[in-house]
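> Sequence isn't available, so here's the structure alone:
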């Protein structure tokens, strides 16, 4: 991972006078010009406006209430930025230009961030790769023959390569967590509903109806990516529309539960080995980690219920490939199953402070032309259906829980040494505690 400074560190340098906003933005633009031809993380540049904004900010000077003052950053292509195209990878939708900023973008700008562009995604945000016919294919900075993940793959690649210190993506099937895991950065799947997703609307809907303030769609969230826990916490606070706790949990006082197996998804040795090594290191450092509990919900049932709700939500009620359309009764049954599942998880968190789990069953896979979920993935020298891999994302997504992904080391997958992450899952609105625990785990593992 890059050794470039993070977001808060950059803002502090600007406040001290060690760096101007113009210099910070120019440096980020230069990094894109030097690195992005190979990585292709940036889909929609906005360099000219960013440079103009930087000059204005330098003329006015730092504002105390802006924790990201002068920090250059990007956002996922699916977020509206006033005056920029938002097409979600569709050639037929490139004529849609957002008339105003998404709520997340508005909050970031209010916090002092300078948006220098938008990063690449798969078509309709539905793959663990990031390629489309409009912007091409994004490549993993650690190995350009590999996927950076998706659907926030351009986001993670931009952060991991050092082009920007932080990003904002979205997640419904691991779309923040898997890119963080594949690229060796930090990512936050926020509590469902914590961050307003207004302006994260499919451009086909927005073009047909005008700018829409979308309802907070089932399961999906907006969440940040960064290179350290402190930046991740700051971005979560900035994006959040509800107050959160202090995030002051101490790792040594926490009771942790590790989930290393899932009935719907075997885990490749390239992920299992660094995960187990991390648990061993935490145990030697004095952490209390249990390996099984009767309080864990029925994970096979949860995965089935999650996929059903996910597919219905992504289709917006359109008929499935079988021709069946979900009824209102079907939807209320899904909501009942989700509420019951959340109740069981919250009962578990009365005993445990956090659950540790792999973010995905594999590391970054070689590029392919078909979507991961339409084909097979290679797990422990066997091919297994790609759709099963969503089980690890669904652990936190179906009940709407927060999950922090941190890099824990590396593993060898299909002939390459690649980054590996761990997700730290906690109770609803416990985002800052998840980040705090993850931050302390990172210090135990990496010093």
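Received the coordinates, thanks. All figures in this text were calculated on a predicted structure; none of them were measured in a lab.

> So residue 72 sits against residue 24, correct?
Yes - here residue 72 lies in contact with residue 24, judged by CB atoms under 8 Å, at a distance of 5.6 Å. Backbone N, C-alpha and C define where each C-beta goes, glycine included.

> joint contacts of the two?
Shared contacts of residue 72 and residue 24, defined by CB atoms under 8 Å, 6 or more residues apart in numbering, comprise 10, 54, 114.

> can I assume the last one is in contact with residue 74?
In other words, residue 114. No - using CB under 8 Å as the test, residue 114 is too far from residue 74 to be in contact (10.1 Å).

> what about residue 72 and residue 24, which has more around it?
A side-by-side neighbour count of residue 72 and residue 24, using other CB atoms under 10 Å, places residue 72 first with 30 against 24.

> ok, back up a step: now flag whichever of the shared contacts of residue 72 and residue 24 is closest to residue 302.
Nearest to residue 302 out of these is residue 10 (CB to CB; 40.1 Å).

> so that closest one makes contact with residue 71?
Yes - with contacts counted by CB under 8 Å, residue 10 reaches residue 71, the gap being 5.1 Å.

> got the domain boundaries for this structure?
7-239, 251-446 (automatic domain parsing).

> start to end distance for the last one?
I take that to be domain 251-446. According to CA to CA, to the nearest Å, domain 251-446 extends 15 Å from its N-terminal end residue to its C-terminal end residue.

> now swap in stretch 78-86 and tell me
Criterion CA to CA; first-to-last residue distance in stretch 78-86 is 6 Å.

> Which positions within that stretch qualify as buried?
Burial within stretch 78-86, assessed by neighbour count using 16 or more other CB atoms under 10 Å, is assigned to 78, 79, 80, 81, 82, 84, 85, 86.

> try stretch 434-447
With burial defined by 16+ other CB under 10 Å, the residues of stretch 434-447 counted as buried are 434, 435, 436, 437, 438, 439, 440, 441, 442, 444, 445.

> Kindly provide the whole-number mean pLDDT of stretch 63-80.
Across stretch 63-80, the average pLDDT comes to 96.

> One more: stretch 182-195?
Averaged across stretch 182-195, pLDDT comes to 98.

> circling back: sort out which of the buried residues of stretch 78-86 are in helices and list them.
Judged by DSSP state H, the buried residues of stretch 78-86 include no members of helices.

> Now do the shared contacts for residue 10 and residue 71.
Taking CB under 8 Å, 6+ apart as the contact criterion, the residues that touch both residue 10 and residue 71 are 24, 165.

> more crowded one of the two?
When neighbours are counted by other CB under 10 Å, residue 10 and residue 71 differ, and residue 71 comes out ahead with 30 against 27.

> who's in contact with that one?
Taking CB under 8 Å, 6+ apart as the contact definition, residue 71 lies against 7, 10, 11, 14, 24, 112, 113, 114, 165, 166.

> Contacts only, for the first one.
Residues touching residue 7, when contacts are defined by CB under 8 Å, 6+ apart, comprise 68, 71, 73, 165, 166, 226, 231, 234, 235.

> May I have the secondary structure class of the last one?
To tie it back to what came earlier, the one meant is residue 235. helix (DSSP: H, G, I helix; E, B strand; the rest coil).

> does the residue nearest to it when sequence neighbours are not counted sit in a helix or strand, and which one?
What sits nearest to residue 235 in space, not counting adjacent residues and going by CB to CB, 6 or more residues apart in numbering, is residue 224, at 3.6 Å. Residue 224 is part of strand 221-226 when elements are defined by DSSP states H and E.

> Neighbours of residue 2, how many?
So residue 2, with other CB under 10 Å, has 16 neighbours.

> pretty sure residue 416 is touching residue 147, no?
No - counting by CB under 8 Å, residue 147 is not a contact partner of residue 416; they are 11.8 Å apart.

> and for the two, which residues touch both?
Between them, residue 416 and residue 147 share these contacting residues under CB under 8 Å, 6+ apart: residue 364.

> who does residue 188 bridge with?
residue 404 (DSSP bridges).

> so it sits right up against residue 402, yeah?
Yes - with contacts defined as CB under 8 Å, residue 188 counts as touching residue 402 at a distance of 7.1 Å.

> Name the residue in those two with the higher neighbour count.
A direct count of neighbours by other CB under 10 Å for residue 188 and residue 402 places residue 188 higher, at 34 against 29.

> Contacts only, for residue 67.
With CB under 8 Å, 6+ apart as the criterion, the residues that contact residue 67 are 8, 11, 111, 112, 234, 238.

> Select from those residues the one having the most neighbours.
Scoring these on neighbours with other CB under 10 Å, the highest-scoring entry is residue 11 at 27 neighbours.

> Give me the distance between it and residue 19.
For residue 11, the distance to residue 19 under the criterion CB to CB, to the nearest Å works out to 10 Å.

> what do these two both touch?
Listed contacts common to residue 11 and residue 19 are residue 70; contacts here mean CB under 8 Å, 6+ apart.

> Now the buried residues of stretch 78-86 in CSV, please, with extra columns for distance to residue 151.
Formatted as CSV, the entries for the buried residues of stretch 78-86 read as follows, by distance: CB to CB, whole Å:
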residue, distance to residue 151
78, 8
79, 12
80, 16
81, 17
82, 22
84, 18
85, 17
86, 14
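
> wait, isn't residue 228 in contact with residue 6?
Yes - because the distance of 5.1 Å satisfies CB under 8 Å, residue 228 is recorded as touching residue 6.

> Make a markdown table out of the domains of the chain and add distance to residue 245.
As requested, those are exported to a markdown table (distance: least, CB to CB, whole Å):
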| stretch | distance to residue 245 |
| --- | --- |
| domain 7-239 | 11 |
| domain 251-446 | 6 |
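
> most packed of the ones you listed?
Stretch with highest mean neighbour count among those: domain 7-239 (a mean of 23; mean count of other CB atoms under 10 Å).

> Ends of that domain, what's the gap?
For domain 7-239, by CA to CA, the gap between its terminal residues amounts to 15 Å.

> Please apply the same query to stretch 66-85.
Chord length of stretch 66-85, first to last residue, is 27 Å (CA to CA).

> From the chain's centroid, how far away is that stretch?
Distance of stretch 66-85 from its chain centroid, counting by CA atoms, centre = their mean, to the nearest Å, is 16 Å.
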